[in-house]
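S.K.: give me coordinates for this.
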Amino acid sequence: MGIFNFLVSKTIMHIPAPIVSIFAKSYIAGPTLYDAVKVTHDLNKKGMMATIDVLGEFISTKEEAIFYKNECIKILDVIAKEGLDANLSLKPTQMGLNLDKEFAFENIKEIVAHAKELNNFVRIDMEDTPCTDDTLEFFRRLREEFPGHVGTVLQAYLRRTPKDIENLSDGLLNFRLCKGIYNEPRKLAYKDPYIVNQNYIYSLEKLFQKKAYVGIATHDEKLVFEALRLIEKYGLKREEYEFQMLLGVDEELRNIIVSGGHRLRVYVPFGKDWLPYSRRRLKENPNIARHALKQFLGM
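M.R.: Next up, the predicted model:
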């Protein structure tokens, strides 16, 4: 890791919000849903899909959870009204997981049921490890009632991921596979980037073997190469997988993937509570800060 990346990763959680915003604005569609709609329209014109997410973390009341539930339902309605090629992502803690597990489940179930009515899809995002078991349980319960309308996320840095794939293989599999960004203890997560990549490839192949639909979520071209190799190996059709990338990250690679004839979905977050999300993303990928600084200085 270069000195710039090291400094960003070590200090980003303490940098004042106005400075973080300089680096983070390319990650966020804007403060409102209609900012996300505009970005999604632009992506669709370029042959790319989107998943829209309203930002907001660390809720402390059920009233806040209900607010975010209603926001998610509104997002699905607007996607339908605007004719967007997009779906919805949500976080279980935003729905109240840390307050009341069954309350959170019922909130998510209501959203997924609405997605089914609109012939759309909900991705239940994965958060830190205290949420992993509950998130996978929610997916297991909902996929039985709403097959094809709900999926969740697996993280390649977690040691448990291959076993989770096996444990969930008794039903329909739909996952976003990513590396993972939370700071987890070594007993739970691999720390060596090489091993994380190897576990990503191993998990992806296991998912393909089990006929899972996978959102291949990575900006690492080494993993894109390995994914393309496996897609060819298993003879997958275009509609049997997709690539996924974050808004504002490596647009050149994004365009290369799409021009190669593959489907690609861009994560489009919006909202006023952008700071925690932006700090995590910049900590994960300090090169974004480098790129933004060059643009800011006109270099």
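S.K.: just checking, what's the longest helix in the protein?
M.R.: Among all segments of the chain classified by DSSP state H, the helix with the greatest residue count is helix 62-82.
S.K.: in that helix, which residues are buried?
M.R.: By neighbour count on 16 or more other C-beta atoms under 10 Å, the buried set for helix 62-82 is 64-65, 68-69, 71-73, 75-76, 78-80. Heads up, the C-betas are built off the backbone N, CA and C, glycines and all.
S.K.: can you show me the strands along the stretch 101-250 of the chain?
M.R.: With DSSP state E, counting those that start in this stretch as the criterion, the stretch 101-250 of the chain has strands at 122-124, 150-155, 174-178, 213-217, 241-246.
S.K.: quick one: mean pLDDT for the first one?
M.R.: Model confidence over strand 122-124, given as mean pLDDT, is 98.
S.K.: report the strands that pair with that strand, each with its relative direction.
M.R.: strand 86-90 (parallel), strand 150-155 (parallel) (DSSP bridges).
S.K.: then the last one?
M.R.: With DSSP bridges as the criterion, the sheet partners recorded for strand 241-246 are strand 213-217 (parallel), strand 264-270 (parallel).
S.K.: alpha carbons of it, as CSV, please.
M.R.: The C-alpha trace of strand 241-246 is given here as CSV (Å, rounded to 0.1, in the frame of the first residue of the first chain):
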residue,chain,number,x,y,z
TYR,A,241,-25.3,-13.6,-14.0
GLU,A,242,-24.4,-10.0,-13.9
PHE,A,243,-21.5,-7.8,-12.9
GLN,A,244,-21.9,-5.1,-10.2
MET,A,245,-20.0,-2.0,-9.4
LEU,A,246,-20.3,1.1,-7.3
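S.K.: right, and the strands of the stretch 101-250 of the chain - which one's nearest Arg263?
M.R.: Arg263 lies closest to strand 241-246 among the strands of the stretch 101-250 of the chain, at 4.3 Å (C-beta to C-beta).
S.K.: and the closest one, how far from the chain's centre?
M.R.: 9 Å (C-alpha atoms, centre = their mean, to the nearest Å).
S.K.: in that strand, which residues are buried?
M.R.: 241-246.
S.K.: pretty sure His149 sits against Leu118.
M.R.: No: proximity of His149 to Leu118 does not meet the contact threshold set by C-beta atoms under 8 Å, at 9.4 Å.
S.K.: going by how many neighbours each has, rank those two and give me the top one.
M.R.: His149 (21 against 15; other C-beta atoms under 10 Å).
S.K.: how near is that one to Asn197?
M.R.: To Asn197, His149 is 31 Å away according to C-beta to C-beta, to the nearest Å.
S.K.: domain assignment for this protein?
M.R.: 1-28+278-299, 32-273 (automatic domain parsing).
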